[in-house]
Every structure is written in C-alpha cells, then in structure tokens.
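Q: fold the stuff below for me.
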Amino acid sequence: MPASAEMRLAPPVYQVDGVDWDSAAGTQYADFRGRIWEMTGVANAEGMPIAAAVKGDKTASLRKLVRKIGVLHKVGEPAPTTYVYEGHTYRTDCTYIDAAGDPWTHDGTWDPEPPGVPDAPSPQYTRPGEPEYALDIPALVHYHGPIHEQTS
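A: As a prediction, the model looks like this:
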C-alpha cells in the first residue's frame, strides 16, 4: 500500500494551543454556528485528528476546527453562559435593553471572531421578529448601546 493511502489513527486526546481536546472517534463538538462535528478517529498526514460535519460532507482537522471554525463546546456539556467585554460580564440567559428601549436576546449562536476582538467568540443577540439581524456584544454595544440587563 502506498504511504499516501495508509490510514493513521488519531490519538484519543490531542492538544491545540495548550488545551487538551478529546479526539476519540465519535466525540462530538458544536461550533459557534450550531453545527455538530464528530471526531472520526482518523488523523491526517500531520497526525492531527479529523472531524466530519454530522450534516453535509465537510471535514476539518481538530486544529482548524478550534482555531478557524470555532468550537463552542462538547455535545452533551453545557455551552458557555457568560461573555466578558470591556470589563462587563454579559449572560446568554438574559435579555438586554438597548438605548432605544428595544429588547435583545441570545439567539443560540456565537460569532467566532467579532470585529476588533480576535480570538474571543461572542454570543449573538437578536430583537423579536428580526432573526436575520443578529449582533455580537461588541457590535450591539457599539451600534445600539449603552445596553443594560432587563429587570422584571
């Protein structure tokens, strides 16, 4: 069998940027856009574990999944619920009111790299009836701020 056709098994744990990731076959991760990726148990020629999108035919190395596509959390574990921006902590389970009095709620998606804040994924928020107009926290603060938590 030619070397290029050899199957390489992925290690059960793989480190990306100093963080250990479970890369065993069948492990699933959700990305910032809500897509599910499943570890294949196979590694590429560089030894990096490969993940496949559960829906569709996309594949990516674990490194690309973490650095470029953006892994949010392992399926079955809770997603992050807080986000810190400019010294303020924002929660995904709260409604925020903008300067015009409009409510904004977390839509379940995250922007992997909001403008001006690289490598710091931000939850996206929408107004009622406008699901296509999602803004991450930096944009919401910039264009509609100041914002504050809705109180009952």
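Q: so what sits opposite the nearest residue to Arg8 once chain neighbours are set aside in the bridge?
A: Leaving aside its sequence neighbours, Arg8 sits nearest to Ala43 (C-beta to C-beta, 6 or more residues apart in numbering; 4.3 Å). Using the backbone N, CA and C atoms, a C-beta is placed for each residue, glycine as well. Beta-bridge pairing for Ala43 (DSSP bridges): Arg8, Pro49.
Q: I'd like the numbering to begin with 582 instead of 1 from here.
A: Will do, 582 is the new start, and the previous item becomes Ala624.
Q: and Ala624, how many neighbours does it have?
A: Neighbourhood size, Ala624 [other C-beta atoms under 10 Å]: 19.
Q: so what's it up against?
A: The neighbours of Ala624, taking C-beta atoms under 8 Å, 6 or more residues apart in numbering as the test, are 589-592, 630-631.
Q: rerun that using 7 Å as the cut-off
A: The neighbours of Ala624, taking C-beta atoms under 7 Å, 6 or more residues apart in numbering as the test, are 589-591, 630-631.
Q: could you do His723 as well?
A: Applying C-beta under 7 Å, 6+ apart, no residues qualify as near His723.
Q: so which strand or helix has it?
A: helix 718-725 (DSSP states H and E).
Q: and that helix, what's buried?
A: 718-722, 725 (16 or more other C-beta atoms under 10 Å).
Q: which residues of this structure score low on pLDDT?
A: Across the chain, the ranges flagged by pLDDT under 70 are 582-586, 651-653, 697-701, 733.
Q: helices along that one, start to end?
A: Applying DSSP state H to the chain gives helices spanning 643-645, 718-725.
Q: helices or strands next to the first one in the packing?
A: Yep, that's helix 643-645 we're talking about. Where contact means 3 or more C-beta pairs under 7 Å, 6 or more residues apart in numbering; DSSP states H and E, helix 643-645 is packed against strand 594-597.
Q: the strand it packs on pairs with which strands?
A: strand 600-603 (antiparallel).
Q: contacts for the partner strand next, please.
A: With C-beta under 7 Å, 6+ apart, strand 600-603 has contacts from 594-595, 643, 647, 655.
Q: can you pick the most crowded of these?
A: Leu643 (25 neighbours).
Q: Glu627 versus that residue, what's the distance?
A: 11 Å (C-beta to C-beta, to the nearest Å).
Q: what of Lys655?
A: Applying C-beta to C-beta to Lys655 and Glu627 gives a distance of 23 Å.
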